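Asker: this is the structure alone, sequence omitted:
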Ligand SMILES: NC(=O)c1ccc[n+]([C@@H]2O[C@H](COP(=O)([O-])OP(=O)(O)OC[C@H]3O[C@@H](n4cnc5c(N)ncnc54)[C@H](O)[C@@H]3O)[C@@H](O)[C@H]2O)c1
Ligand SMILES: CCCCC[C@H](O)/C=C/C=C\C=C\C=C\[C@@H](O)[C@@H](O)CCCC(=O)O
């Protein structure tokens, strides 16, 4: 998929991995709608991007992925402004074992809500032009992160949802590819704040450090892998594992093996 003229929506675009995803999509020719609950971060990034790319290439909308109403309004505004949606990056997420229900609501339910509402605009069977949806999961979606069991569960759910949607889309003719991005630790605000977010598992901070010692990515390294999942049209139903020393498409058990 060439990105020139394509319309992308990125959730959690204001900071961290979402900001890097936004920037790499812009660099490669897409127009990007930035959705974030953090209005300050979103407006600040929009201001900076306007100077670099012009005001017409981006749109910032304050949107909480927990709110169906706000998501609907954001997609309506996106279609009114740019004419459609080709790429969706479900990136917004939190890590907070103290607020585990909210973690589920944002990391998993939010991905499902945004995906289902985007289908109304992207699905070829309902007048859309197809495209690609990439969900930011995590290495914790492939194996347990012992100090964050609910976060681990949300990311396992994101990968399962992504792979099932990829199969459903292919079998139904939606014209939409679905892929999951599974990075290890990445230097962002989420990562920096984790010692206060482990809740009843705070005693496992030292054990967690042993995982962290395997390496920490920068956001640009993650964005490069996102670009691959978006542009390589052979990628559907993939979970791309990203570590500091390797990238690998994960293989999963199948019903016949
Ligand atoms: N940092 C890591 O180590 C790491 C590793 C693998 C995967 N991830 C995942 O990457 C994604 C981005 O994380 P990050 O590290 O860039 O975090 P971050 O905290 O730096 O940025 C997350 C962004 O999402 C926004 N956001 C949070 N809740 C939201 C909501 N309800 N609605 C809309 N926007 C919301 C925040 O305002 C923020 O701008 C998350 O899904 C996270 O689970 C992070
Ligand atoms: C404490 C910071 C949390 C950041 C959250 C972010 O999503 C990063 C998670 C990073 C690592 C998770 C590691 C899990 C590792 C093991 O369970 C391992 O079995 C994973 C399986 C994949 C593999 O290494 O082959």
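Answerer: Done, it's in. All values derive from a computational prediction rather than experimental measurement. Ligands and ions are numbered 1, 2, ... in the order given.
Asker: where does the stretch 101-250 of the chain dip in pLDDT?
Answerer: Scanning the stretch 101-250 of the chain for pLDDT under 70 picks out nothing.
Asker: can you list the residues of it near ligand 1?
Answerer: Applying CB under 6 Å from any ligand atom, one finds that the stretch 101-250 of the chain approaches ligand 1 through 106, 136, 138, 183, 185, 186, 188, 189, 190, 191. (C-beta placed from N, C-alpha, C; glycine too.)
Asker: confirm residue 33 sits in a helix?
Answerer: No. Going by DSSP: H, G, I helix; E, B strand; the rest coil, the assignment for residue 33 is strand, not a helix.
Asker: quick check, pLDDT for it.
Answerer: The confidence metric pLDDT takes the value 99 at residue 33.
Asker: got it, and residue 256?
Answerer: 87.
Asker: helix, strand or coil for it?
Answerer: coil.
Asker: give me the buried entries from the residues of the stretch 101-250 of the chain next to ligand 1.
Answerer: 106, 136, 138, 183, 185, 186, 188, 190 (16 or more other CB atoms under 10 Å).
Asker: returning to what we had before: among the residues of the stretch 101-250 of the chain next to ligand 1, which lie within strands?
Answerer: Judged by DSSP state E, strands contain the following of these: 136, 183.
Asker: the longest helix along the chain: how far from the chain's middle?
Answerer: For the chain, the helix with the greatest residue count under DSSP state H is helix 149-172. The chain centroid and the centroid of helix 149-172 are separated by 12 Å, computed with CA atoms, centre = their mean, to the nearest Å.
Asker: again, but for stretch 48-64
Answerer: With CA atoms, centre = their mean, you get 18 Å for stretch 48-64.
Asker: give me the buried positions along it.
Answerer: So stretch 48-64, judged by 16+ other CB under 10 Å, has buried residues 49, 57, 58, 59, 60, 61, 62, 63, 64.
Asker: give the burial count for residue 237, as a bare number.
Answerer: 18 (other CB atoms under 10 Å).
Asker: ok, and the closest non-adjacent residue to it?
Answerer: In space, and not counting its chain neighbours, residue 237 is closest to residue 166: 3.3 Å by CB to CB, 6 or more residues apart in numbering.
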